[in-house]
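Colleague: model the following, please.
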Amino acid sequence: GWLQLLDKSCHTPDLSTVVWDAADGKGGWMKVPLLTAKVADPHHLPPPLAIRLECASGISGTAANFLGTYKLVMEKVVNGRPCYRHIQSVGRWIAYNGDN
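Modeller: Numbers count the residues shown, from 1 in each chain. From the prediction side, this is the model:
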């Protein structure tokens, strides 16, 4: 089966108020007024493959060395959460320490 949302004015389906169409199996379409697209809970999504640590206002001292791009380390989990290694300075990590 197929679904379609004919809303050219909407950037993403979760923002649309237009009614979805579903293929009826006979070559036509039927309206499905109760079908909606919602933003997914981030806890149910895989972690991003890379993140970039930036500071728009500038940062001084040795903390500035930690800015840059970090890549997800697929085979490593720290305290039950994904961790990231700096792509240029492999001794720098972003990981959850287990505290809130």
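Colleague: identify the residue nearest the geometric centre of the protein.
Modeller: In the chain, the centroid-proximal residue (CA atoms, centre = their mean) is P48; its distance is 6.2 Å.
Colleague: in contact with it: list those residues for me.
Modeller: By CB atoms under 8 Å, 6 or more residues apart in numbering, the contact set of P48 is L72. Where you see a C-beta, it was placed from the backbone N, CA and C, and this is true even at glycine.
Colleague: heads up, I number from 864, so please use that
Modeller: In the new count, where the first residue is 864, that last one comes out as P911.
Colleague: now do it against M937, distance only.
Modeller: 12 Å (CB to CB, to the nearest Å).
Colleague: in the helix or strand in which D884 is found, what counts as buried?
Modeller: Using DSSP states H and E, the element containing D884 is strand 883-886. Neighbour counts over strand 883-886 (16 or more other CB atoms under 10 Å) mark 883-884 as buried.
Colleague: quick check on T875: phi, psi?
Modeller: phi -140, psi 150 (degrees, to the nearest 10).
Colleague: residue contacts, the closest residue to it other than its chain neighbours?
Modeller: Distances taken as CB to CB, 6 or more residues apart in numbering put A900 closest to T875, at 7.8 Å, once the chain neighbours are dropped. Counting by CB under 8 Å, 6+ apart, A900 makes contact with 868, 875-877, 879.
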